[in-house]
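*Asks:* sequence first, predicted model second:
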Amino acid sequence: MKERQARRRRGETLDALFGGAVKLFQSRAGYRFSLDALLLAHFATLKRRDQVVDLGAGCGVIALILARLHPEIEITAVELQGALAARAARNVKLNRLEGRITVARGDVRAAARIGAGESFDAAVCNPPYRRSAGVRISVNEERRIARHEIHGELADFIGAASYLLRAGGRLAVVYWAERAVDLLASMRRAGLEPKRLRLGHSFAHSEGSLVLVEAVKQGRSGMEILPPLIVYRQGNEYSDEVAAMIAGKASA
């Protein structure tokens, strides 16, 4: 890899996961990935040689993590924002994963332009959590679009996944717990049957703040409720499970 490819640009940071095994550029002021991406990547059920689509890829962090956890899969990372898509492509090159991750600029509201119907085995999605009306919106455009339903609502992301997945294909989503009903209802309306659910809690005795859900296209009804995922033990000390994920030692 040429040295110039690894240089930060103005307004960027160079960050690392898995003890430096995965590196990526991020905007200092714009969109930056959160722990949600790591939790989703470890939650998703993937099989050898799966063709995976990441809807709303941001800087490409989920695709990069999945490629490391599952060495034989191939991923199409779809991102609407041009600057983020370009950064994701640079991150793919930085990690020498051009042969396994393809970055495409695309809009979930036009799923047919992303790929052919029923062409993927699995999908992952960390969609905008917040509605675009009645809430405080970030002044930074990159963060505003990533966090709010401005250029695509929840149903648009779920609908795109349903179109792109083969029968029996799996969609894994991380979302706000308070909107869990919206997520489950949207999945079922799109022909994606929720099969696994896990609530994420900041602490063992706190309310659930995140929900991880995996659905199967044309799946039968019946959902497994997994044990809660606890992020912190106390203060800023991660739980053993999350610490293992961050270190890259957790099983996929």
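*Replies:* Looks like it came in fine. This structure is a prediction, so every number in the text was calculated from the model and none was measured.
*Asks:* quick one: the helices in this protein, in order.
*Replies:* In the chain, the helices defined using DSSP state H lie at 35-43, 61-69, 82-94, 141-147, 154-164, 180-189, 240-247.
*Asks:* mean pLDDT and distance to residue 174 added to the ones you listed, as a markdown table?
*Replies:* The way it works is simple: take the backbone N, C-alpha and C, and place the C-beta from them, glycine included. Putting the helices of the chain into a markdown table (pLDDT from 0 to 100; distance: least, C-beta to C-beta, whole Å) gives the following:
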| stretch | mean pLDDT | distance to residue 174 |
| --- | --- | --- |
| helix 35-43 | 96 | 4 |
| helix 61-69 | 97 | 9 |
| helix 82-94 | 95 | 18 |
| helix 141-147 | 48 | 13 |
| helix 154-164 | 97 | 12 |
| helix 180-189 | 97 | 10 |
| helix 240-247 | 94 | 13 |
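*Asks:* residue 178 versus residue 207, what's the distance?
*Replies:* In this view, residue 207 and residue 178 are 9 Å apart by C-beta to C-beta, to the nearest Å.
*Asks:* quick one on the thing from earlier: between the helices of the chain, which one is closest to residue 115.
*Replies:* Closest of the helices of the chain to residue 115 is helix 154-164, at 5.6 Å (criterion: C-beta to C-beta).
*Asks:* show me what that closest one is packed against.
*Replies:* For helix 154-164, the elements it packs on are strand 51-55, strand 120-125, strand 165-176, helix 180-189, strand 192-201, judged by 3 or more C-beta pairs under 8 Å, 6 or more residues apart in numbering; DSSP states H and E.
*Asks:* give me the angle between it and strand 120-125.
*Replies:* 170 degrees (axes from the mean of the first three to the mean of the last three C-alpha atoms, to 10 degrees).
*Asks:* so how far is helix 154-164 off the chain centroid?
*Replies:* Between the centre of helix 154-164 and the centre of its chain there are 14 Å (C-alpha atoms, centre = their mean, to the nearest Å).
*Asks:* so residue 207 and residue 178 - more neighbours on which side?
*Replies:* A side-by-side neighbour count of residue 207 and residue 178, using other C-beta atoms under 10 Å, places residue 178 first with 13 against 10.
*Asks:* before we move on, the earlier item: okay if I get the helices and strands packed on helix 154-164 as CSV plus mean neighbour count and distance to residue 18?
*Replies:* Formatted as CSV, the helices and strands packed on helix 154-164 follow (neighbours: other C-beta atoms under 10 Å; distance: least, C-beta to C-beta, whole Å):
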stretch, mean neighbour count, distance to residue 18
strand 51-55, 26, 18
strand 120-125, 25, 18
strand 165-176, 22, 19
helix 180-189, 17, 28
strand 192-201, 20, 20
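*Asks:* so which of those is nearest residue 225?
*Replies:* Across these (criterion: C-beta to C-beta), the nearest stretch is strand 192-201, sitting at 5.5 Å.
*Asks:* now the angle between strand 120-125 and the closest one, please.
*Replies:* Going by the same axes, to 10 degrees, strand 192-201 makes 40 degrees with strand 120-125.
*Asks:* 51 is where my numbering starts, stick with that
*Replies:* In the new count, where the first residue is 51, that last one comes out as strand 242-251.
*Asks:* CA atoms only for strand 242-251, dumped as PDB, please.
*Replies:* The C-alpha coordinates for strand 242-251 follow below in PDB (Å, rounded to 0.1, in the frame of the first residue of the first chain):
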ATOM      1  CA  LEU A 242     -39.300 -10.200   7.200                       C
ATOM      2  CA  GLU A 243     -40.200 -12.200  10.200                       C
ATOM      3  CA  PRO A 244     -38.300 -11.300  13.400                       C
ATOM      4  CA  LYS A 245     -36.500 -14.400  14.800                       C
ATOM      5  CA  ARG A 246     -33.900 -13.100  17.300                       C
ATOM      6  CA  LEU A 247     -34.100 -10.200  19.700                       C
ATOM      7  CA  ARG A 248     -31.600  -8.900  22.200                       C
ATOM      8  CA  LEU A 249     -31.800  -5.700  24.400                       C
ATOM      9  CA  GLY A 250     -28.700  -3.700  25.100                       C
ATOM     10  CA  HIS A 251     -28.400  -2.000  28.500                       C
END
